[in-house]
Structure formats: structure tokens, C-alpha cells
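# after the sequence you'll find the predicted model.
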Amino acid sequence: MKWLETDTENCSVRRTLDLVGEKWTLLILRDAFNGIRRYDEFRRHLGLSEAVLADRLRKLVAADVLRAEPYREPGARTRYEYRLTPKGVDLWPVLLALKQWGDTHAEGPEGPVLDIRHTDCGAPVRVVVRCEGEERAALSVRDVTVRPGPGARPLPT
């Protein structure tokens, strides 16, 4: 079966984009990775409407990407902090890859807004695709072969 003959309704890229492929969702995740936890902080930092923010946070919690942890300030009602789950943390390389692409192809005149470095040695951090074989070589798209996997099914005719 060739790619053009493959039904993409069950593609993992498509399912992932259904969950996190919207601009505000990715920006909420970016902020969560950078230490923002509370609803009011997300709203103030991102400048999006309450309805959109509440909807995106609800979806991320329902998908187990974020978890809502209750807290209560003295004299106030219970509110929630939003923390990344292990499933959410697994999205970090995706956000880092988007940042890396943006720094190369969509950078502002002043340079990158975020400077991400290894805490121990101070070197810049980059996303690299590597082979799982013995060589562990870094790969480009020209170095791989793509074929339908076990979940592939033919396009309906």
C-alpha cells in the first residue's frame, strides 16, 4: 500500500493535531512549560478570552495533558493550578522543535524571545532526530524510509 492509497483518518499526527493543534492550546502549553500555572496568569500573559481559555484548559485536562490542582487563597473560593502530566511533558520536544524552526525561519528582528540552555553546562538545547540503531546518527528527512504501519488501512473506494 502506498501513502496516496492510505486512509489518514486514524493517523497519529491527525489525532494529535485534533488535541493540541490549535494556536491557543500550543501557547497555553508553552506557558505551562515556562512556569505559568494559574488561570489568571494564563489569561493575562496570553490575552485570550475567558471562554477560549476555559475551553482549552478543560480539553487539556480531559485529555490528561494537564491536571487541575485545587488551591485556595484565604477568604477566596477554590481555584485551580494547571500542571503538566507525564503525557503533557512528552509534548516538550514538539514545542521545542516549533521554537527551533521559528528561531530559524520566523525570528523577530531582536532575536529569539526564549533562550533555552542546558542547566549543567550552559550549552544551547536543540531537538535532533536520531536513529535508534547502534550508530545513533542524527537524521534528516532524506535519510529515512516511510511505509504504512500496522494501523494503516486502505482509502475507501
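Nice, I can see it.

# so what's the residue count around residue 80?
Per other Cβ atoms under 10 Å, the neighbour tally for residue 80 reads 16. Glycine gets a C-beta too; all of them are placed from N, C-alpha and C.

# which helix or strand contains the residue lying closest to residue 126 once chain neighbours are set aside?
Once flanking residues are discounted, residue 126 sits nearest to residue 100: 6.2 Å by Cβ to Cβ, 6 or more residues apart in numbering. Using DSSP states H and E, residue 100 maps to helix 92-105.

# again, but for residue 48
Counting by DSSP H and E, residue 48 is part of no helix or strand.

# doesn't residue 24 make contact with it?
Yes. Between residue 48 and residue 24 there is a contact at 5.5 Å, judged by Cβ atoms under 8 Å.

# re earlier: pLDDT score assigned to the residue nearest to residue 126?
Reported pLDDT at residue 100 in the predicted model: 95.

# quick one, what contacts the residue positioned nearest the centre of the chain?
Among the residues of the chain, residue 91 comes closest to the average C-alpha position under Cα atoms, centre = their mean, at 4.1 Å. Applying Cβ atoms under 8 Å, 6 or more residues apart in numbering, we find residue 91 in contact with 20, 29, 65.
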